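>>> Provide a 3D model corresponding to the input given below.
(chains A and B)
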There are 2 protein chains.
Amino acid sequence: MKIHIVKIGGNLISDQKWLNFSLKEFVKLQGDKILIHGGGKKATLISDQMGITPKFIQGRRITDKETIDLVVMTYAGLINKNIVARLQSYYCNALGLCGADGNCLKSCFRLKKNPYIDYGYVGDITNKSVNTYFIKFLLKNNIVPVLCSITHNGKGNLLNTNADTIAAWIAISLKKDFKDEIELHFCFEKKGVLRDLHDEESYLKRIDFPLFQIIRKNHTIKNGMIPKLENAFLALKNGVSKVSIGHPYYLNDLNNKTIICL
Amino acid sequence: MKIHIVKIGGNLISDQKWLNFSLKEFVKLQGDKILIHGGGKKATLISDQMGITPKFIQGRRITDKETIDLVVMTYAGLINKNIVARLQSYYCNALGLCGADGNCLKSCFRLKKNPYIDYGYVGDITNKSVNTYFIKFLLKNNIVPVLCSITHNGKGNLLNTNADTIAAWIAISLKKDFKDEIELHFCFEKKGVLRDLHDEESYLKRIDFPLFQIIRKNHTIKNGMIPKLENAFLALKNGVSKVSIGHPYYLNDLNNKTIICL
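Just a heads-up that it's a prediction; the model follows:
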């Protein structure tokens, strides 16, 4: 049995037309499937409206109490439930989850390596975080899990976790059950990893690890693309066979995207 | 097998100490259990912070697009996920749900009886709204459903539905499976239905339908207590055997609360 693990990016989520399109393509995927999302862009809009100033250090959101509440509301509430309601309208039996639901994703507060950076309510996950028993139980009963990037630490705290990292660890954790039949898709608003940000058609067909090291070093890729590719290689190095980055327009297509390989 | 259906009120939810206490008492209930919550008080606080003016007509929240987004964020996100994380920390395998999740609660837009009142994104439910198959499937697998008062119409819309009404219809819908073993508890910050709002000990031990008609007419009860009692009698008239209104302190106690009966 095949399984598709699809992470959908924030720019697609923020645009209702593209979100609906992405969900329609997701529904068409054959076999088991899991959808994962964050929603940082929407959270920033709402925090502006609430007069909360978002804080970032090195591109990472710093999550104080006020911010975790905002992020939980936005990801697990507004975005997750609208996605689930939309999928249900497409006759896809979706179930929205944060990590606390059914104890499906457990994390730990991020350790302070640098004493000047307290990430706050940020959770890190490992190879023991995913409750594969529960996820497989849902899949076996034809339920489609829709996970937002909120985890919990088992002590009552909700924590903010990177959605790409969650997607990678879920794929890794399901590896022994699905073997070579796991496909991990990182969907976003571009056709793939672009050589030239101003040229939509300049996407790389294939990135292996040596090429990744080169394009990181020469700054062809930067910002959010670096951790995304790191998560792609994390999955590959831990046995996930197929990883791609591309536009939802080509979600059901083997071509027209960037294929990541070791 | 016994089942407890517990609706927890907004004043308990807004107070972290009382919320934790209520959840601890909920966990102690023997047999299957379902928790239901709204969160209007918290939604009002957040809407103030966002500069949204809440609108009410005849004590009912009017739900425009801006308000449904706010309510979904607050109920299905912030409140629901904090409750679930807390229950998980008490080793209770909770799963948070809105009506779209697993298609568990389907509703219809409220019909406009009065052309001057458009309730907006408000959903009404009936005896066909509850997906008992899914709810029983969760219970059978030792999962504790935690439902917020957001439903969906199957066409992609999330709708705001009264939490007391949801609790009543869930109890009614599970009647044929649990027979006389259903207990419906409306928990709030008082010991029961008070004769005198200023005297905590003045709660009525027992309210039957004739007494309800009297105390409604002579204004002993007013505002939110009237629809709450209407929902209690809705459940009783549709075959639910045990309905009570009281403080979570006495959730596991047969006394010290108002028992509702026909």
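
>>> and the residue of the stretch 151-262 of chain A found nearest chain B, how many residues sit next to it?
Proximity of the stretch 151-262 of chain A to chain B (CB to the nearest CB) peaks at A:Gly156, 4.0 Å away. To be clear about C-beta, it is placed using only N, CA and C from the backbone, and glycine gets the same treatment. Here the number of neighbours of A:Gly156 (other CB atoms under 10 Å in any protein chain shown) works out to 18.

>>> list the contacts for it?
For A:Gly156, the contact set (CB atoms under 8 Å, 6 or more residues apart in numbering or on different chains) comprises B:Ala85, B:Arg86, B:Gln88, B:Ser89.

>>> Now with 6 Å, please.
By CB atoms under 6 Å, 6 or more residues apart in numbering or on different chains, the contact set of A:Gly156 is B:Ala85, B:Arg86, B:Ser89.

>>> Confirm that it sits in a strand.
No. Counting by DSSP: H, G, I helix; E, B strand; the rest coil, A:Gly156 is not part of a strand but coil.

>>> which other helices and strands contact the helix or strand containing A:Phe178?
For A:Phe178, the host element (DSSP states H and E) is helix A:163-178. Applying 3 or more CB pairs under 6 Å, 6 or more residues apart in numbering or on different chains; DSSP states H and E, one finds that helix A:163-178 contacts strand A:3-8, strand A:32-37, helix A:225-237.

>>> filter the contacts of A:Gly156 down to the ones near chain A?
B:Ala85, B:Arg86, B:Ser89 (CB under 6 Å from any CB of the partner chain).

>>> Okay, and which of these map to helices?
Members of the ones next to chain A among the contacts of A:Gly156 lying in helices (criterion: DSSP state H): B:Ala85, B:Arg86, B:Ser89.

>>> which of the residues you listed tops the neighbour count?
Neighbour max across these (other CB under 10 Å) = B:Ala85, 27 neighbours.

>>> Just give me the neighbour total for the closest residue to it other than its chain neighbours.
The spatially closest residue to B:Ala85, leaving aside those adjacent along the chain, is A:Ala100, at 4.0 Å (CB to CB, 6 or more residues apart in numbering or on different chains). Using other CB under 10 Å, A:Ala100 has 34 other residues around it.

>>> same question, A:Gly31
By other CB under 10 Å, the burial measure for A:Gly31, its neighbour count, is 12.

>>> mind listing what the host helix or strand of A:Phe56 pairs with, with the direction of each?
According to DSSP H and E, A:Phe56 maps onto strand A:55-57. Each strand paired with strand A:55-57, and its direction, by DSSP bridges: strand A:60-62 (antiparallel).

>>> hang on, the earlier thing: do you know the pLDDT at the residue of the stretch 151-262 of chain A closest to chain B?
Per-residue pLDDT puts A:Gly156 at 98.

>>> In space, what's closest to it - neighbours in sequence excluded?
Per CB to CB, 6+ apart, closest to A:Gly156 is B:Ser89, 4.0 Å.

>>> For that neighbour, give its distance to A:Tyr133.
From B:Ser89 across to A:Tyr133, the span is 19 Å (CB to CB, to the nearest Å).

>>> A:His219: how many residues sit nearby?
Applying the criterion other CB under 10 Å, we find 7 residues in the vicinity of A:His219.

>>> do the one 5 residues further on as well
A:Gly224 has 15 neighbours, counted by other CB under 10 Å.

>>> how about stretch A:102-122, does it get close to chain B?
Yes. Residues of stretch A:102-122 contacting chain B under CB under 6 Å from any CB: A:Gly102, A:Asn103.

>>> Check the separation of the first and last residues in that stretch.
20 Å (CA to CA, to the nearest Å).

>>> And stretch A:251-262, by the same measure?
21 Å.

>>> can you pull the contacts of the residue in the stretch 1-150 of chain A that chain B sits nearest to?
Taking CB to the nearest CB as the measure, the stretch 1-150 of chain A has A:Gly77 as its residue closest to chain B, at 2.1 Å. By CB under 6 Å, 6+ apart, the residues touching A:Gly77 are B:Val72, B:Met73, B:Ala76, B:Gly77.

>>> Leaving out sequence neighbours, find the closest residue to it.
B:Gly77 (2.1 Å).

>>> Just the mean pLDDT for stretch A:240-259, thanks.
So the average pLDDT for stretch A:240-259 ends up being 94.

>>> And stretch A:187-199, by the same measure?
The model assigns stretch A:187-199 a mean pLDDT of 94.

>>> mind listing what's buried in that stretch?
A:Cys187, A:Phe188, A:Lys190, A:Lys191, A:Gly192, A:Val193, A:Leu194 (16 or more other CB atoms under 10 Å in any protein chain shown).

>>> which residues touch it?
In contact with stretch A:187-199 (CB under 6 Å, 6+ apart) are residues A:8-9, A:11-12, A:200, A:202-204, A:220, A:245-248, A:257-258.

>>> Please, where are all the helices along chain A?
A:10-13, A:16-28, A:40-50, A:65-71, A:80-89, A:132-140, A:163-178, A:209-217, A:225-237.

>>> Burial-wise, tell me which of the ones you listed comes out on top.
helix A:80-89 (a mean of 26; mean count of other CB atoms under 10 Å in any protein chain shown).

>>> what angle do it and helix A:16-28 make?
60 degrees (axes from the mean of the first three to the mean of the last three CA atoms, to 10 degrees).

>>> And helix A:80-89, how far out from the chain middle?
The chain centroid and the centroid of helix A:80-89 are separated by 17 Å, computed with CA atoms, centre = their mean, to the nearest Å.

>>> mean confidence score for it?
On average, helix A:80-89 scores 98.

>>> okay, the angle between that helix and strand A:32-37?
Going by the same axes, to 10 degrees, helix A:80-89 makes 150 degrees with strand A:32-37.

>>> May I have helix A:80-89 as CSV, with CA atoms only?
The C-alpha coordinates for helix A:80-89 follow below in CSV (Å, rounded to 0.1, in the frame of the first residue of the first chain):
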residue,chain,number,x,y,z
ASN,A,80,-6.9,23.2,10.4
LYS,A,81,-10.6,23.3,10.7
ASN,A,82,-11.2,25.2,7.4
ILE,A,83,-9.0,22.6,5.6
VAL,A,84,-10.9,19.7,7.2
ALA,A,85,-14.3,21.2,6.4
ARG,A,86,-13.2,21.8,2.8
LEU,A,87,-11.8,18.2,2.5
GLN,A,88,-15.1,16.9,3.9
SER,A,89,-16.9,18.8,1.2
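
>>> That one packs against which elements?
Going by 3+ CB pairs under 6 Å, 6+ apart, helix A:80-89 lies up against strand A:94-97, strand A:144-148.

>>> quick one: terminal-to-terminal distance for stretch A:8-26?
First residue to last in stretch A:8-26 (CA to CA) measures 10 Å.

>>> what does chain A have sitting close to chain B?
A:49-50, A:69, A:72-73, A:76-78, A:81, A:84-86, A:88-89, A:95-96, A:98, A:100-103, A:152, A:155-156, A:158.

>>> I'm done for today, thanks for sticking with me.
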